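> just the structure for this:
(one chain, ligands or ions: 2)
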Amino acid sequence: MITESTRADIEAGSETYFVRGSVVVDPGYAAIYTYARSADEEIPKLEEGQSLEIDGDPWMVDKETQPPLRISQGRLIELMEERGLGTKATRADIIQKLYDRGYVFGNPPEPSETGIAMYRAFHDYVPRMATPEMTAELESDMDQIAAGKTTKDEVLRISREMLHTTTTELEEKREDLAKQIWSGMDEDKFLGPCKVCEEAGRKHEDGSPNRLRIIELKGGKRMYGCEGWDRDNPDSPDSCPVSGPLPGRGYDLWRLEERCSICGEMPRLTVKGFRGRPWKLCLNDDCPSMVEMRQKREERKRAQEARKAAAGADGSGDGAAPTVNGRRRRRKPSPQTARRKPARSKSAK
Ligand SMILES: [Zn+2]
Ligand SMILES: [Zn+2]
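Ligands and ions are numbered 1, 2, ... in the order given. The predicted structure is shown next:
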């Protein structure tokens, strides 16, 4: 059997589809021994310009293009290395800074609206600063000094010039740049549409829904409230009363779901303290996920008290390693260890 692999482009209305497969040029023995032919890849022989009949009614496949997988922290460190960004000693710290400043969240890291706005603003107003080349150039110059291939003065002169031009540029566009970044920071404060307003028919003048947003209070406290709240006229039926407390600024918060997939009532957040694992917070107190969480917390407390009482009764003090819920508590690696083993961060699997 002789086959030829081919690709056919088929126009249907305004769309072009294509199919790859093989065309049988000479069936040879397969004309008799039909099992040799694989129906999967075989397409009929077509002529250019030939018109084709649709076999049955057209149909749509309900599928979405999958986004590429997120880059893990370990892979990010590799990419930085490939592009000459940072050094072995600083790469993990650079990534940590992205988290600390709220440019990324989650693991694998996902850019926040602030992070995206930051990149776009620099890209639009001071494009050179948004390239890895500029940083890489500075870094490689440092290496050159260390290797004795160039002098400190020469490198200083070049870097000074380079930074001078870019900062002047930056200074001129300061306001536009800030505006763009602020709007990104604002966007990060929105958690999701308010269901109470939705049901009451309250919305923005342009028809967009009122949203719940994070409100920063004095002393590092935080709460959420609805955009539909009327400060001057809070008791009016047009004012939305939905609000509540949120963990303070010592915690990282980010939107997990605009509307909780469990109760369907309120936005759901991921909360992460300085230590410990992130946990999920639904703003609806009555959400089954929150009821379950409170129950588990209560059980843990009771178990802990029972253990304490037992330890007190038989006279043996503590002395054992600290455990949570019977499991040994995992210590977070210190920054030093994390730096020495960048590729073995939690996400590098
Ligand atoms: Zn509302
Ligand atoms: Zn919920």
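> where does pLDDT dip in the chain?
In the predicted model, the chain carries pLDDT under 70 at residues 30, 33-41, 314-349.
> grab the most central residue of it for me.
Averaging the C-alpha coordinates of the chain gives a centre point, and the residue nearest to it by CA atoms, centre = their mean is residue 110 (2.0 Å).
> that one is in contact with residue 104, isn't it?
Yes: using CB atoms under 8 Å, residue 110 makes contact with residue 104 at a distance of 6.3 Å. Every C-beta, even on glycine, is put in place using the N, C-alpha and C of the backbone.
> who in the stretch 51-200 of the chain is up against ligand 1?
The stretch 51-200 of the chain has residues 194, 196-197 near ligand 1, with proximity defined as CB under 5 Å from the ion.
> output these in TSV; the columns should cover neighbour count and secondary structure.
Written out in TSV, the entries for these read as follows (neighbours: other CB atoms under 10 Å; DSSP: H, G, I helix; E, B strand; the rest coil):
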residue	neighbour count	secondary structure
194	26	coil
196	16	helix
197	22	helix
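> hmm, back to that, who's the residue nearest to the centre of the chain bridged to?
residue 105 (DSSP bridges).
> swap in residue 8?
On DSSP bridges, the residues paired with residue 8 through beta bridges are residue 19.
> right, and it touches residue 47 too?
No: Residue 8 sits out of contact with residue 47 when judged by CB under 8 Å, with a separation of 10.3 Å.
> okay, residue 157 and ligand 2: tell me how far apart.
Using CB to the ion, to the nearest Å, one gets 60 Å for the distance from residue 157 to ligand 2.
> check residue 116 too.
Relative to ligand 2, residue 116 is positioned 27 Å away (criterion: CB to the ion).
> number of nearby residues for the residue nearest to that residue when sequence neighbours are not counted?
Nearest-residue entry for residue 116: residue 184, 6.2 Å, with adjacent residues in sequence omitted and distances by CB to CB, 6 or more residues apart in numbering. Using other CB atoms under 10 Å, residue 184 has 21 other residues around it.
> residues in contact with residue 184?
With contact taken as CB atoms under 8 Å, 6 or more residues apart in numbering, residue 184 is in contact with 112-118, 120.
> mind doing that once more with 6 Å?
With contact set as CB atoms under 6 Å, 6 or more residues apart in numbering, residue 184 has these partners: 113-114, 117.
> out of residue 8 and residue 47, which sits in the more crowded spot?
More crowded of residue 8 and residue 47, by other CB under 10 Å: residue 8, with 17 against 6.
> quick check: that one touching residue 19?
Yes: under the contact definition of CB atoms under 6 Å, residue 8 touches residue 19, with a separation of 5.3 Å.
> how far away is residue 17 from ligand 2?
From residue 17 over to ligand 2 the distance is 42 Å, taken as CB to the ion.
> and that residue, that one's in a helix?
No: the assignment for residue 17, made by DSSP: H, G, I helix; E, B strand; the rest coil, is strand rather than a helix.
> can you list the domains in this protein?
With domains defined by automatic domain parsing, the chain comprises 2-36, 73-185, 194-250, 251-301+329-336.
> is any part of the third one close to ligand 2?
No: counting by CB under 5 Å from the ion, ligand 2 is not contacted by domain 194-250; separation bottoms out at 11.0 Å.
> on that earlier part again, show only the entries of the contacts of residue 184 found in strands.
Judged by DSSP state E, the contacts of residue 184 include no members of strands.
> now the strands: where do they sit in the stretch 201-349 of the chain?
For the stretch 201-349 of the chain, strands defined by DSSP state E, counting those that start in this stretch occupy the ranges 211-216, 222-226, 243-246, 252-257, 268-272, 279-282, 323-324, 327-328.
> re the thing from before, nearest to ligand 1, of the contacts of residue 184?
Taking CB to the ion as the measure, ligand 1 sits nearest to residue 113 out of the contacts of residue 184, at 21.0 Å.
> and the closest one, what does it touch?
Contacts for residue 113 were tallied using CB under 6 Å, 6+ apart; they are 184, 187-188.
> now render these as TSV, adding distance to ligand 2 and secondary structure.
As requested, those are exported to TSV (distance: CB to the ion, whole Å; DSSP: H, G, I helix; E, B strand; the rest coil):
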residue	distance to ligand 2	secondary structure
184	27	helix
187	23	helix
188	21	helix
